Every structure is written in C-alpha cells, then in structure tokens.
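Kindly return the folded structure for what I paste below:
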Amino acid sequence: MSVVDRIAEIAVARTPFSVEFFPPRDEAGEAQLWRAARAFEPLDPAFVSVTYGAGGTTRDRTARIVGELAATTSLLPVAHLTAVGHSVAELRELIDHFAAVGVHNVLALRGDPQGGVRQEWVQHPEGLAYAVELVELITAAGGFHVGVASFPEGHPRAINLAADTANLVNKLRAGAEYSISQMFFDVEDFLRLRDRVCAADPEQGAKPLIPGLMPITSLRSVSRMVELMDSQIPTSVLERLSRAAGDGPAENRDAVRRAGIELATEMSRRLIDEGVPCLHFCTLNFAKATSEVLTNLGLTQSRVGSGAVTRGD
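This next block holds a predicted model:
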C-alpha cells in the first residue's frame, strides 16, 4: 500500500498521523527504537519513516530496520534514501534491496553532507546531483511509491523561496506522490509553502503536503537540532520556552517539556483546522511526548483485534 492510500484510508475516521525514527547507533538505541515502534503500533499511524544519516552514514542500519519493520510489524515503513555519498550503482542496489524485503515506499532526498547542511555538498563522481534525479531513478525501477522533502522556510541552499518552490514542484512532477516538510515551529511558514506550491502548479499542489512536527522536550536539544538544519525558532516560541526554562543555572526540564507539548498540540490543532492530510512527528525514537500530543488531539484510538504483530524482546 502507498502512503497516499493509507492516509486516505485512515482519514475516513480521523486525521492521520505518522512518525519518524532514526537508525540507532548501538544495541541500546535499537532496543529503544523497537519500544517506540511497539508503543505506536496499536495507535495505528499511517506510516513510519526511518531516516538516513548525513553523508549516507547509516545506509546499512536504515536498510535493515525498514526491512524488519515490514516483516515483523503491521506498520507501513517508509525508507529514507539519499543521493549523497552513493554511486548510481549503489543506489540501484539499495532500491533492489527494499523491493526484496517488501518495502515499496521511499522518501527520496539529496541528503545533507556529512557534518551538516552548512558543509559543502559534493556529488559522488558516479552519483546524482539532485533529488529530482533520485525520484526519477526510483520511479523507473517500478513498483515504488515515492515521497520527497519540502522546506517551509526554504532550503538553506535555495537562492530564494521561488526557486525552492520550483524545485519542489519539479520533484512532484518527476513522480513524487507526496511531500513531508522539514520540522518547523511557525504554522504560517507551512501554509505559505502550501500556497506557493498550489499557485505554481495546481495539479502538483493537490498532492499531499505533510507537515513535519516535533514536540519540544528540551530547549537545549531543540536548539541544537535547529542549528543542524540551519533553520529558525520564532522569537515568540523561544520566549515561551525560555520562560518555562526559568532563570536558574539548570533548565527546568519538566516545565519546558509541558510548554513543548502544549505548543505541538496548538500547532497540530491549527494544521488540522487548515485541512492538512496528515501530521508527521519526529520522535527521536521515543513515544511518550508524541503520544501525549496525540491524546490531547483525540487521535489515540487503538486498533482492537487488528491482529497487529509486534517484535518481542
């Protein structure tokens, strides 16, 4: 089943949600990922995506984990695949692997250089230069449903928002069926992106544009993530979190966490009112914060008697 079909199926009863995992670095991290997967499975997410490290550094773990999600759970996995650091032959090998393990949904990304978005992006001598080429490569393989990334604040390397919008439209025209946005904290940025795509090409604008969200649980950690993405936290949000953090030498983590959950809930409600097709949560491989937001939104209906299979310890 495709992501788009799954979203449409769930939307009959409620607003769909999806979650994002990242490949763990060690056995303890992998155990945490599987605990999160087991916690989310009965809540019936539309899909779960597994990211790809900067520079293609988590290639093997991403490929293995999405295969195991497909084989041992009832979750619909989406594999991130990046062009950076890979030859076309290696990309074709990965595409073949995904098909072999029953993973037919792929998020096609150019990918960040190893070291972060501010580092110089270098094309592999036998690789691809742009995400649109990766969309075309995956689509040509047949049997895949392809998504792409979008950037509410504009991609850090884009000349301007118009050029960034044109790039997204080109990826959709090349065969991408939907887009998941980079994490953001100003709903207006996302809505303006949606308006730009619809104005540039109404046909492509009709495809699902899924907002990327993250419940903030630590001011320090979210500041670090935003820096790595070369993104921004609105001043109003920073002030709200700073008030929760307090003036002491140590951050009031509980208060920041409560403020972060409230913010994510408010943003999600606004996005639901605006008719978004799905809410996509970056989980950092933890289920609790996202589950609290979903509970606040009334989106935690479990599948009773669904026959869901979960991976044992």
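
Quick one: name whatever helix or strand follows the helix or strand containing S223.
Per DSSP states H and E: S223 is located in helix 219-229. With elements assigned by DSSP H and E, the helix or strand that comes after helix 219-229 is helix 235-245.

residue contacts, I65?
Contacts of I65 were listed using CB atoms under 8 Å, 6 or more residues apart in numbering, and they are 21, 23, 30, 33, 50. Where you see a C-beta, it was placed from the backbone N, CA and C, and this is true even at glycine.

nearest to D5, of those residues?
V50 (19.8 Å; CB to CB).

bridging residues for the closest one?
As for beta bridges, V50 partners with F21, A79 under DSSP bridges.

Just the buried residues of stretch 286-298, please?
By neighbour count on 16 or more other CB atoms under 10 Å, the buried set for stretch 286-298 is 286-287, 289-294, 296-297.

and what of stretch 134-143?
134-139, 141.

re the thing from before, in TSV, list the contacts of I65 along with distance to A71, neighbour count and pLDDT.
Formatted as TSV, those follow (distance: CB to CB, whole Å; neighbours: other CB atoms under 10 Å; pLDDT from 0 to 100):
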residue	distance to A71	neighbour count	pLDDT
F21	16	26	96
P23	17	23	86
E30	15	17	92
L33	15	20	96
V50	14	25	94
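
hmm, which two among the residues you listed are most spread apart?
E30 and V50 (11.7 Å).

ranges for the helices of the stretch 1-150 of the chain?
Along the stretch 1-150 of the chain, counting by DSSP state H, counting those that start in this stretch, helices occupy 3-11, 27-40, 59-72, 88-100, 131-141.

G246: which of these is closest?
Proximity to G246 (CB to CB) singles out helix 27-40 among the helices of the stretch 1-150 of the chain, at 28.6 Å.

and the angle from that closest one to helix 59-72?
In terms of direction (axes from the mean of the first three to the mean of the last three CA atoms, to 10 degrees), helix 27-40 departs from helix 59-72 by 40 degrees.
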